[in-house]
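Novice: what follows is a predicted structure for the sequence shown.
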Amino acid sequence: MRPRPWGWNPVGRRRYAILVLYVGHLGWITLGHGHGSRWQAMLETLSWPVQKISAPLLRSRAQRAERAGSLQRAQYELAMLRQRLESIQKENAQQAPRLIEAEEAIRTLALKKQVPLEMKAARVLVNVRSAPFGGMILDQGLDAGLVRDQGVFCPEGVVGRIWEVSQRESSLLPLDAYNASTAVMLAQSRATGVLQGVGPGRAEIRYIGGQEVVQIGEPVYTSGLDRVFPRGLLVGHVVGTRPQGAELQVDVALAAPLNRVHQVLILPPQPRIDLAVPAAPPKEGKVKP
Amino acid sequence: MSQPAAMPTLWRCILGAACFGAILLSSPWPGPQAVFHAFLVLALASGFESPLAAMLWAAAGGWILEGSLRMYPHLGGTALANMTLCLLAQWHFRNRPPDSRTAYWGQLAAFSLGHFVLIHLLVRLAAGPHAWGWGWLWTLVTIPVWGTLSLRMHLPARRR
């Protein structure tokens, strides 16, 4: 049986191959001549499935690249912000002592305006309270008219008294010194006594009668009987009581932050007892004209 | 009486590869290149038994020729002309084998002219206008040489 010339047999396949070869060349030279838009259109048609498949891949790659770029920008901005934060923190750390001193000066000025006495302001140059028999050194002395036993206080409360005076500086005996004595009174019972220092930030009131009723947390004010302080300046608060013989010893936590006081006010020598001094320290940072 | 055997396919392939090399290497000289090209297409490739093999050899010769010239903006015209003339010559020599040498030369001359004209037309179609050149004259003049060499491939079997 003779094979069919255009069937799927070796003869037919050869004919198909010849046809494809010939028609392919003919199409190649016919379509290839002239403008390239036809080839472009044909190639786009042929590559449509590949483009469809690869488009999400390319999109995800572009998005990943964009995210990487955004991450790099964010990391750069973060590094810049950290650097800026560090510089600000460093600047703040440098400015902090001056800021604290400025705030303290503002409060001291406010207090000076509220107390009807002619007082002098002074800075604490050295604070050596932790040393045995140590005290504080102020930047005012005989030049400023200071004498011994002038009272010293700050917006939070009483600090101490002038102990020695030199030409340009003076030493201050704080309330918590062992050899410091101050005439005080309790706010509610109005009982008077003598405050003696017993250690850093602590003092106790002597010569209070055992029958007195003293409450924990009760304010302690100066009584003015020692003629160093006027009546009514805040000294501290009661933190404990204990009977000792006929007396009642009262433990007091001093109100003035003796460790970190920088600005103080110096009272005039032997001030009047009955002065209308504020019971509470002025609020921070507010100065009344 | 024993007859001489036809040229083996292996020798045809070696001769075809040599023609490829000759076409490639003679690209600086268009005249001899046209002779090698015409010999490959009209004499050697048309002598194959299979039309598909003949077309492939002819097409390869066309692509090699155009590729070696490196002057056409779009290739393929020579290959298509080669395939067309190769099929035509194969069909002709199979149905009307040459009886004499001079008749064979005459047939080759006719096919050479037709080959040259068709190449020019198809290359013009594919790549645009181009010069005619003198390759056709080289081909016609050298027909006695390459026509005589290829005569045995196209003689009737009884005369080989």
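Specialist: Alright, I've got the coordinates.

Novice: remind me which residues of chain A are low pLDDT?
Specialist: Residue ranges of chain A with pLDDT under 70: A:1-3, A:33-36, A:38-39, A:43, A:132-133, A:275-289.

Novice: which parts of it sit against chain B?
Specialist: Listed as neighbours of chain B in chain A under the rule CB under 8 Å from any CB of the partner chain: A:14, A:17-18, A:21-22, A:25-26, A:28-30, A:32-33. C-beta: built from backbone N, CA, C; applies to glycine.

Novice: show me which of these are buried.
Specialist: Among those, those buried by neighbour count (16 or more other CB atoms under 10 Å in any protein chain shown) are A:14, A:18, A:21-22, A:25-26, A:28-29, A:32-33.

Novice: mind listing which of the residues of chain A next to chain B are in strands?
Specialist: Among these, no member is found in strands (DSSP state E).

Novice: now distance to A:Ala183 too, for those residues, in TSV please.
Specialist: Formatted as TSV, the entries for these read as follows, by distance: CB to CB, whole Å:
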residue	distance to A:Ala183
A:Arg14	132
A:Ala17	127
A:Ile18	131
A:Leu21	126
A:Tyr22	129
A:His25	124
A:Leu26	126
A:Trp28	120
A:Ile29	123
A:Thr30	123
A:Gly32	117
A:His33	120
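
Novice: what residue is smack in the middle of chain B?
Specialist: Nearest to the mean C-alpha position of chain B, by CA atoms, centre = their mean, lies B:Val41 at 2.0 Å.

Novice: and the residue of chain B nearest chain A?
Specialist: Closest approach between chain B and chain A, counting by CB to the nearest CB: B:Ala126, at 3.6 Å.

Novice: state the helix or strand in which that residue lies.
Specialist: Assigned by DSSP states H and E, B:Ala126 falls within helix B:101-127.

Novice: tell me the buried residues in the one helix or strand in chain B whose mean pLDDT sits lowest?
Specialist: Counting by mean pLDDT, DSSP states H and E, the weakest-scoring helix or strand in chain B turns out to be helix B:151-154, with a mean of 84. With burial defined by 16+ other CB under 10 Å, the residues of helix B:151-154 counted as buried are B:151, B:153-154.

Novice: give the other helices and strands that that helix contacts.
Specialist: Packing contacts for helix B:151-154, counted by 3 or more CB pairs under 8 Å, 6 or more residues apart in numbering or on different chains; DSSP states H and E, involve helix B:101-127.

Novice: tell me the one of the residues of chain A next to chain B nearest A:Gly193?
Specialist: For A:Gly193, the closest of the residues of chain A next to chain B turns out to be A:Gly32, at 117.5 Å, with distances computed as CB to CB.

Novice: quick revisit: restrict the next helix-or-strand element following the helix holding B:Ala126 to CA atoms and write it as PDB.
Specialist: Scanning the chain past helix B:101-127 towards its C-terminal end, the next helix or strand to appear is helix B:135-141 (assignment: DSSP H and E). These are the backbone C-alpha positions of helix B:135-141, laid out as PDB (Å, rounded to 0.1, in the frame of the first residue of the first chain):
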ATOM      1  CA  GLY B 135      29.200  37.400  -9.500                       C
ATOM      2  CA  TRP B 136      26.900  36.200 -12.200                       C
ATOM      3  CA  LEU B 137      29.600  36.600 -14.800                       C
ATOM      4  CA  TRP B 138      32.100  34.700 -12.700                       C
ATOM      5  CA  THR B 139      29.600  32.000 -12.300                       C
ATOM      6  CA  LEU B 140      28.800  31.700 -16.000                       C
ATOM      7  CA  VAL B 141      32.400  31.800 -17.000                       C
END
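
Novice: average pLDDT across the following helix or strand past helix B:135-141?
Specialist: On the C-terminal side of helix B:135-141, the closest following helix or strand by DSSP H and E is helix B:143-149. When the per-residue pLDDT values of helix B:143-149 are averaged, the result is 93.

Novice: from the chain's centre, how far out is helix B:143-149? Work that out for me.
Specialist: 12 Å (CA atoms, centre = their mean, to the nearest Å).

Novice: give me every residue that touches B:Gly76.
Specialist: With CB atoms under 8 Å, 6 or more residues apart in numbering or on different chains as the criterion, the residues that contact B:Gly76 are A:25, A:28-29, A:32, B:62-63, B:66, B:126.

Novice: tell me how far it lies from B:Pro51.
Specialist: Relative to B:Pro51, B:Gly76 is positioned 20 Å away (criterion: CB to CB, to the nearest Å).

Novice: cool, and A:Gly245?
Specialist: For A:Gly245, the distance to B:Pro51 equals 140 Å [CB to CB].

Novice: of these two, who's got more company?
Specialist: Neighbours per residue (other CB atoms under 10 Å in any protein chain shown) separate A:Gly245 from B:Pro51, with B:Pro51 holding more: 19 against 7.

Novice: wait, that one sits on A:Ala17?
Specialist: No: B:Pro51 is not in contact with A:Ala17 according to CB atoms under 8 Å; the separation is 9.6 Å.

Novice: contacts for stretch A:195-212 next, please.
Specialist: Defining contact as CB under 8 Å, 6+ apart, one finds that stretch A:195-212 is touched by A:129-130, A:174-184, A:186, A:189, A:191-194, A:214, A:220, A:235-236, A:243, A:245-254, A:258-259.

Novice: show the buried residues in these.
Specialist: Burial by neighbour count, judged by 16+ other CB under 10 Å, picks out A:129, A:174-177, A:180-184, A:186, A:191-194, A:214, A:220, A:235-236, A:247-254, A:258 from the contacts of stretch A:195-212.

Novice: pull out the buried positions in the helix holding B:Ala126.
Specialist: Burial within helix B:101-127, assessed by neighbour count using 16+ other CB under 10 Å, is assigned to B:104-105, B:107-108, B:111-112, B:114-116, B:118-120, B:122-123, B:125-127.
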